[in-house]
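# only geometry, no sequence info:
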């Protein structure tokens, strides 16, 4: 395989399995077999360090409650301060996770965790930062393990139980919300269960609750211990039994693999015959492996069809992928991190605040008239440290609005130009434009694009200025929004 074709494959792999690659990473990877690079991605993601913003010892619910009550009355000012602190901690958790995505080592784990964040969509109820910290660390720890372990762990997270109202699910007043979403969104998909299954499963999940300090607890006194009939089976089932039944059902493997395929391989419809057959084969393997996520992803990344031309450039980057990819490729740091929240809100993907229980719809939904221009101009704003005359679109969500300060954003950044430019030290001037484009874009430059970009860089007086001008111009092309 020639070097250019191999680099194109690697750029595509890094964009899908991670958050892009630096020119130096691509250069090193071209010197070894593709399979070895894939193994390295998994090796680099083998371990995980928890995100830590809130120390559990600092989260003393009884002490906090006493502080909020004075002379038998709720101290409203103290309550506002506690909400403000929790909001700030969730914002800091957002930024810390984004930094981990950008860092490089472990990028595959963070990319998988971002996918699971959309699959197991969860928002903070009551702005509880500790609960969200536990939730995100659970999906990060289990992101490449067994799906069954991930499903059980995230279903028992206080943030999820709170978000889906299972604290209110008691034997004398069952609440079906949690049971419904576990089936519809986490495992089987809509239409693969009955309303009777939902009602009976809700009874099995009674007693699944949590303590104020963020611990899962099974409260037997509010659990319905009578027989239930779920998926044609009858017994005194508890929540763990329902999870086991869902994993026994091959439809769970089909549903999960279908979502993985759409996210990592091909946006949109997967209804054509060849793709349906491929998903069915992957689902069978996933099921037989005991829902081994690493095994599934290794199979996908090593498959010849993964690199088919029709898949390359067919994925619209999510806002977080776009932001993390820019930062990683160019070694960008923000002098003040707050504008990164501004970018997420403006483009419609704020970590920890999915729009609803179904998560972000993705695909073409990322592009609309209110965000497209900002998407296209974002590289220029970031690289030129500009003030941005744009305000986030009003989403009616007071929680996401509270994350960001009022007013327009100012992008003051530091770019590791020295490392970036060094990667092109041996590239001659005639091929420099194409060489940069091959690092940044999923598709080759068209002749008209090449002419436009070269003209924009014509005023550069040094090679360094030319590289920077070419890079900013190429990143402002529509194709940079794709991977």
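Now that the structure is in, tell me what you want to look at. Values in this document were obtained by computation on a predicted structure and should not be read as measured data.
# Spatially central, which residue of the protein would that be?
Ranked by distance to the mean C-alpha position of the chain (C-alpha atoms, centre = their mean), the top residue is residue 114 at 2.0 Å.
# ok, that residue - contacts?
With contact taken as C-beta atoms under 8 Å, 6 or more residues apart in numbering, residue 114 is in contact with 101, 318, 320, 321. (Glycine included, C-beta is placed from N, CA and C.)
# cool, residue 382 as well?
Contacts of residue 382 (C-beta under 8 Å, 6+ apart): 326, 332, 411, 413.
# burial of the second one, as a residue count?
Residue 332: 19 surrounding residues under other C-beta atoms under 10 Å.
# Hmm, it is touching residue 412, no?
No. Using C-beta atoms under 8 Å, residue 332 makes no contact with residue 412, being 11.1 Å away.
# Common neighbours of those two, please.
The contact sets of residue 332 and residue 412 do not overlap (C-beta under 8 Å, 6+ apart).
# From residue 51, how far out is residue 323?
Distance of residue 323 to residue 51, given as C-beta to C-beta, to the nearest Å: 17 Å.
# Residue 196 now?
Distance from residue 196 to residue 51, by C-beta to C-beta: 40 Å.
# What of residue 421?
33 Å.
# higher neighbour count, these two?
residue 51 (19 against 16).
# Give the closest residue to the more buried one in space, chain neighbours not counted.
Once flanking residues are discounted, residue 51 sits nearest to residue 96: 5.2 Å by C-beta to C-beta, 6 or more residues apart in numbering.
# so that neighbour touches residue 50, yeah?
No. Between residue 96 and residue 50 there is no contact under C-beta under 8 Å: 10.3 Å.
# can you give me the strands for the protein?
Secondary structure of the chain, counting by DSSP state E: strands at 69-70, 73-74, 208-210, 216-218, 228-230, 233-235, 332-334, 413-415.
# got the ones you listed as TSV, with distance to residue 379 and mean pLDDT columns?
Output for the strands of the chain, formatted as TSV (distance: least, C-beta to C-beta, whole Å; pLDDT from 0 to 100):
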stretch	distance to residue 379	mean pLDDT
strand 69-70	51	57
strand 73-74	48	64
strand 208-210	43	98
strand 216-218	44	98
strand 228-230	52	98
strand 233-235	55	98
strand 332-334	10	95
strand 413-415	11	94
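# Return the most buried member of those strands.
strand 208-210 (a mean of 22; mean count of other C-beta atoms under 10 Å).
# List the pairing partners of that one within its sheet, with orientation.
Partners of strand 208-210 in the sheet, by DSSP bridges, are strand 216-218 (antiparallel).
# Off-centre distance for the partner strand?
28 Å (C-alpha atoms, centre = their mean, to the nearest Å).
# re earlier: any idea which of the contacts of residue 382 is closest to residue 338?
Of all the contacts of residue 382, residue 338 sits closest to residue 411, with 10.3 Å by C-beta to C-beta.
# okay but that closest one is in contact with residue 380, surely?
No. Look at residue 411 against residue 380 with C-beta under 8 Å: they stay out of range, at 9.5 Å.
# Mind checking which of those two has more residues around it?
Per other C-beta under 10 Å, whichever of residue 411 and residue 380 has more neighbours is residue 411, with 22 against 14.
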